[in-house]
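S.K.: how would this look folded up:
(2 chains)
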2 protein chains.
Amino acid sequence: MGEPGILGVHNLSMSLDGYVAGPRQDAENPLGVGGMRLHDWVFATRTGRRMIGEPGGSTGLDDAFLRRGETGTDGRGIGATIMGRNMFGPVRGPWPGPPAAPWRGWWGEEPPYHHPVFVLTHEPREPQPMAGGTTFHFVTDGIESALALARAAAGERELRLGGGATTIRQYLRAGLVDQLHLVLVPVLLGSGERLLDDDLSGRYAVSRTTPGDGGVTHVELDRVR
Amino acid sequence: MGEPGILGVHNLSMSLDGYVAGPRQDAENPLGVGGMRLHDWVFATRTGRRMIGEPGGSTGLDDAFLRRGETGTDGRGIGATIMGRNMFGPVRGPWPGPPAAPWRGWWGEEPPYHHPVFVLTHEPREPQPMAGGTTFHFVTDGIESALALARAAAGERELRLGGGATTIRQYLRAGLVDQLHLVLVPVLLGSGERLLDDDLSGRYAVSRTTPGDGGVTHVELDRVR
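M.R.: The predicted structure is shown next:
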């Protein structure tokens, strides 16, 4: 906990049948069909409600875990985020040129990151500065390159790996994720994106299990060194 | 809860990556390689320790769930158990004739059932009475037949579906399981027998989630009617 430059996955919701997103992700269903049910627990918390501009919400354990996803495990704040292109947006293939405005993420003019965000893509694009300190950088030469760039940008602060499932699986397979925080949500999605289909036994180990507020269970795993 | 003749799965341990048994099940590893780690929580309880003839053990929530697996949700006791042949033993193909003694289960002369047990198999065999009230019946004409026989034998009492994974998946797929109690164990097995690969969404729904004693989480599902 609290080492500079460590790469963590925070608050990743997983269904009872192992899915972290529903099937058929598109502009209308960014989390896949039925995938929003994985996040009901988020929007019951103060931090989750603040993300969508709503007041109120619980301030218990679930909220504390969500806040830690913003502050890092050492409380100094996340220095940079890495995400896959599907988490950045529903656009596939080359970025549209004029007259179409290029896609600038799901999050509006002021994304909730407030730090550099490195988006994995096969399609080059100039960095996209946004309000509030977020700049989207587009990385075309792979996951290790994105990690090196993010680490350089973050300085002493921790790095967060956002998603989606495919991107996290790639980083896990390469042994590059230091901390993995899953939130087990007791729902059945039936199909979608599985997280744990690779054999990670012996490479990651559960360090802590914490019952949450709304029937969810927080499970934290560390990379075995 | 407490309806006569309902079929329930009790205390079925499932790993974080969705496995209910490890890979390569055989006489030395009846739960597959590494599968015993799924059951550490059982042997920390009084009921679990009694099963292996040891004193002591915890008497909290985990123990209460294990006891309910013996008494049924209505406390009247389980009237009959159904299991697959792989749960009964490692023997494959025809049952051995004399001079070899036929396999009589993993559980010694007095199995812990004390009621009729219906074993699904393709190989006919005469019923095998054991000490303490258990009789193994061998059913060759499928899962619905085994359920009808078990229900007739159990009278007003509940039925328990023992395992393994293949047998439970068959009964779930056919919509014949009324109650499914999973125990989420925070370990990674890496490979083995998955339980929830079929799409059960809309057919089963979580009714209750209960944090257990040793980092496990009890999740109860009911069939949607």
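S.K.: any chance you could map the helices in chain A?
M.R.: Remark: helices assigned in chain A by DSSP state H are A:40-43, A:46-51, A:61-71, A:85-88, A:143-154, A:165-173.
S.K.: which of these is buried the deepest?
M.R.: The highest mean neighbour count among the helices of chain A, using mean count of other CB atoms under 10 Å in any protein chain shown, belongs to helix A:85-88: a mean of 22. Every C-beta, even on glycine, is put in place using the N, C-alpha and C of the backbone.
S.K.: Return the list of helices and strands in contact with that one.
M.R.: For helix A:85-88, the packing partners by 3 or more CB pairs under 8 Å, 6 or more residues apart in numbering or on different chains; DSSP states H and E come out as strand A:116-120, helix A:165-173.
S.K.: Ok, which of those comes nearest chain B?
M.R.: Proximity to chain B (CB to the nearest CB) singles out helix A:165-173 among the helices and strands packed on helix A:85-88, at 11.0 Å.
S.K.: mind listing what the residue nearest to the spatial centre of chain A touches?
M.R.: Taking CA atoms, centre = their mean, the centroid of chain A lies closest to A:Gly162, which sits 2.0 Å from it. Listed by CB atoms under 8 Å, 6 or more residues apart in numbering or on different chains, the contact set of A:Gly162 reads A:Thr81, A:Ile82, A:Met83, A:Gly84, A:Met87, A:Val117.
S.K.: ok, 7 Å please
M.R.: When contacts are counted by CB atoms under 7 Å, 6 or more residues apart in numbering or on different chains, A:Gly162 touches A:Thr81, A:Ile82, A:Met83, A:Met87.
S.K.: And for A:His218?
M.R.: A:His218 touches A:Phe65, A:His181, A:Val183, A:Thr210, A:Gly212, counting by CB under 7 Å, 6+ apart.
S.K.: at 6 Å instead, please
M.R.: Residues in contact with A:His218 (CB atoms under 6 Å, 6 or more residues apart in numbering or on different chains) are A:Phe65, A:Val183, A:Thr210, A:Gly212.
S.K.: Next, give me the two most distant ones among those residues.
M.R.: A:Val183 and A:Thr210 (9.9 Å; CB to CB).
S.K.: Between these two, which is the more surrounded one?
M.R.: Using other CB atoms under 10 Å in any protein chain shown as the criterion, A:Val183 and A:Thr210 rank with A:Val183 on top: 23 against 17.
S.K.: Next, the contact list for that one, please.
M.R.: Taking CB under 6 Å, 6+ apart as the test, what A:Val183 contacts is A:Asn11, A:Ser13, A:Val216, A:His218.
S.K.: Would you mind listing what in chain A touches chain B?
M.R.: Counting by CB under 6 Å from any CB of the partner chain, chain A comes close to chain B at A:17-18, A:186, A:188-191, A:196, A:199-201, A:206, A:209, A:211, A:215, A:217, A:219.
S.K.: Pull out the buried members of the residues you listed.
M.R.: Using 16 or more other CB atoms under 10 Å in any protein chain shown as the burial test, these include A:17-18, A:186, A:188-191, A:196, A:200-201, A:206, A:209, A:211, A:215, A:217, A:219 as buried.
S.K.: Now flag whichever of those is closest to B:Arg37.
M.R.: Nearest member of these to B:Arg37, counting by CB to CB, is A:Ser201, at 9.5 Å.
S.K.: so how far is A:Ser15 from the closest residue to that closest one other than its chain neighbours?
M.R.: Leaving aside its sequence neighbours, A:Ser201 sits nearest to B:Gly190 (CB to CB, 6 or more residues apart in numbering or on different chains; 3.3 Å). Separation of B:Gly190 from A:Ser15 (CB to CB, to the nearest Å): 20 Å.
S.K.: Ok, A:Gly212 next?
M.R.: 15 Å.
S.K.: More neighbours: which of the two?
M.R.: A:Ser15 (25 against 21).
S.K.: Spit out the contact partners of the more buried one.
M.R.: A:Val185, A:Val187, A:Leu189.
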